[in-house]
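Participant: coords below, sequence missing:
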């Protein structure tokens, strides 16, 4: 179980701030966090996996305070994170990255299975470098494969649908459902996509650094039609009229 | 006593050639400025020079899928070895040449190996040249390797130079001069890692003289601690040709890298490109590997190893 207690993150440029968020995510839950851009969703995900340090508050995983733990320590106790913009590496192959994620040297067939799960033809990709020759969509799928290979109790995906074409979308949904069924861990997905919201156990809406709505899928989806959390647009222009 | 009974020789030989025993086929082993073993094959003649130290390696036309090993090793302190090796690769041959130099210096005097290699690549011949430089030993004496490579590629010929220097060489000045005729191709893949107070300088001078000739020069280097590197590439496009050079460097600690590209198109049909990038390891690369459970130091090592793989 993951608990966030009074988490705040305040930075000077005011983008991506978090204001006193408290939240509990039970085991084996499928949670989708949604809300307008710049509202603090990615910041919160990075705080959970240790990339950002909260300015105040505590993070508790299975009763243990992990607030001061490094990224590496959190990874080792079972937190995974799929980046919104996957990182490129010159010289590191797809297989290297999957082996690192799995924490052991996999045989080629096992490594290929993870690629096949995310809809990549394994033999075309396994020995390729994770560099600029791969498209954004290909990198995104490889990023998702690295998280699947980790099999951790908490997996966080930051906008996994970005760059994934429509043909692959059904496949992506299946990947998350299969992961949820097989790993029995919690999955947190940051997403704007209705089709991903539709498979959530719970939906959390974050705007302006705060939780503005939270509940079961049915409860939250209805109220999302309300425009209260939509982006305010260009307020300066509005005032000048 | 066989050469392989000497443990220092055996270890250095393995590091330079990736071989565990004396190779089959044509080879020439140079140890402490002297010939320590030589063998010619039916298609590859190795002949010692009479006017200066070194050998002529003559590969008959149409020789296919054969290799030549010519490691040069220095295991004593205070040696200054200078050698001239000329390679004549006959028309339509397709061969692999494994060279390289290892210096083991446990003493306090400087040990140095300077090799001058000339390649004459015949019409439509293909050559893969693999060269590894390494320094070992605990002595205070410096280990210096200054190779000079001169290449002439005839019509339709191809040469690929894969050069690696990953540890222990205190100072190196590597110069490579190449000329290519019609449809001749030169490919260079260079990898360098320097550490401590080491200095490495590589200079390329490439003349693309024939229509359809090309060069692809890729250099990847890592400069750690207080080491310094300089990369100079000069490509002259004198015909309808393609030239590409790419210098990618990672700097760590107080490492310093300079990159000086010069591309000159002397012909309106010449297409020349240079790319250079120098920078530290991107923070997000370290972060990504840490989210997979690696420590910061493990992540850094993984990125450097991958980059120089």
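Facilitator: Structure received. Keep in mind that this is a model prediction, so the values were computed, not measured. Numbers count the residues shown, from 1 in each chain, chains lettered A, B, ... in the order given.
Participant: and the residue of the stretch 1-150 of chain B at minimum distance from chain A, which of the three is it?
Facilitator: Distance from chain A to each residue of the stretch 1-150 of chain B (CB to the nearest CB) is smallest for residue B:132, at 17.7 Å. All C-beta atoms are positioned from the backbone trio N, CA, C, and that covers glycine. Assigned with DSSP: H, G, I helix; E, B strand; the rest coil, residue B:132 falls in the strand class.
Participant: what's the neighbour count on the closest residue to it other than its chain neighbours?
Facilitator: Nearest residue to residue B:132, sequence neighbours excluded (CB to CB, 6 or more residues apart in numbering or on different chains): residue B:100, at 4.1 Å. Other residues within reach of residue B:100 by the criterion other CB atoms under 10 Å in any protein chain shown amount to 26.
Participant: for the strand or helix carrying residue B:100, the distance to its chain's centre please.
Facilitator: Under the criterion of DSSP states H and E, residue B:100 resides in strand B:94-104. Distance of strand B:94-104 from the chain centroid (CA atoms, centre = their mean, to the nearest Å) equals 9 Å.
Participant: Of all residues in the stretch 101-250 of chain B, which one is closest to chain A?
Facilitator: For the stretch 101-250 of chain B, CB to the nearest CB, closest residue to chain A: residue B:248, 6.8 Å.
Participant: From the contact counts, what lies against the strand or helix carrying that residue?
Facilitator: In this assignment (DSSP H and E), residue B:248 forms part of strand B:242-251. On a contact count with 3 or more CB pairs under 8 Å, 6 or more residues apart in numbering or on different chains; DSSP states H and E, strand B:242-251 meets strand B:199-208, strand B:214-223, strand B:228-237, strand B:256-265, strand B:271-279, helix B:296-307.
Participant: The third one pairs with which strands, parallel or anti?
Facilitator: Strand pairing for strand B:228-237, using DSSP bridges, gives strand B:199-208 (parallel), strand B:256-265 (parallel).
Participant: Report the mean per-residue pLDDT for that strand.
Facilitator: Per-residue pLDDT over strand B:228-237 has a mean of 97.
Participant: so it versus strand B:214-223, what angle?
Facilitator: Interaxial angle, strand B:228-237 versus strand B:214-223 (axes from the mean of the first three to the mean of the last three CA atoms, to 10 degrees): 170 degrees.
Participant: and the angle from strand B:228-237 to strand B:271-279?
Facilitator: 170 degrees.
Participant: thinking again about what came up before, if I pick the residue nearest to residue B:132, what's in contact with it?
Facilitator: Listed by CB atoms under 8 Å, 6 or more residues apart in numbering or on different chains, the contact set of residue B:100 reads B:16, B:17, B:71, B:72, B:130, B:131, B:132, B:133, B:134.
Participant: Please, where are all the strands along the stretch 51-200 of chain B?
Facilitator: B:54-59, B:64-69, B:72-74, B:80-89, B:94-104, B:111-121, B:126-136, B:143-145, B:148-153, B:158-167, B:171-180, B:185-194, B:199-208 (DSSP state E, counting those that start in this stretch).
Participant: mind giving me TSV with those strands and columns for distance to residue B:279 and mean pLDDT?
Facilitator: Below are the strands of the stretch 51-200 of chain B laid out as TSV (distance: least, CB to CB, whole Å; pLDDT from 0 to 100):
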stretch	distance to residue B:279	mean pLDDT
strand B:54-59	41	97
strand B:64-69	37	94
strand B:72-74	35	89
strand B:80-89	37	94
strand B:94-104	30	92
strand B:111-121	32	93
strand B:126-136	25	93
strand B:143-145	27	90
strand B:148-153	29	97
strand B:158-167	20	93
strand B:171-180	23	96
strand B:185-194	16	96
strand B:199-208	18	97
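Participant: returning to what we had before: make sure the residue of the stretch 1-150 of chain B closest to chain A is actually in contact with residue B:19.
Facilitator: No - with contact taken as CB atoms under 8 Å, residue B:132 and residue B:19 are classed as non-touching, separated by 11.5 Å.
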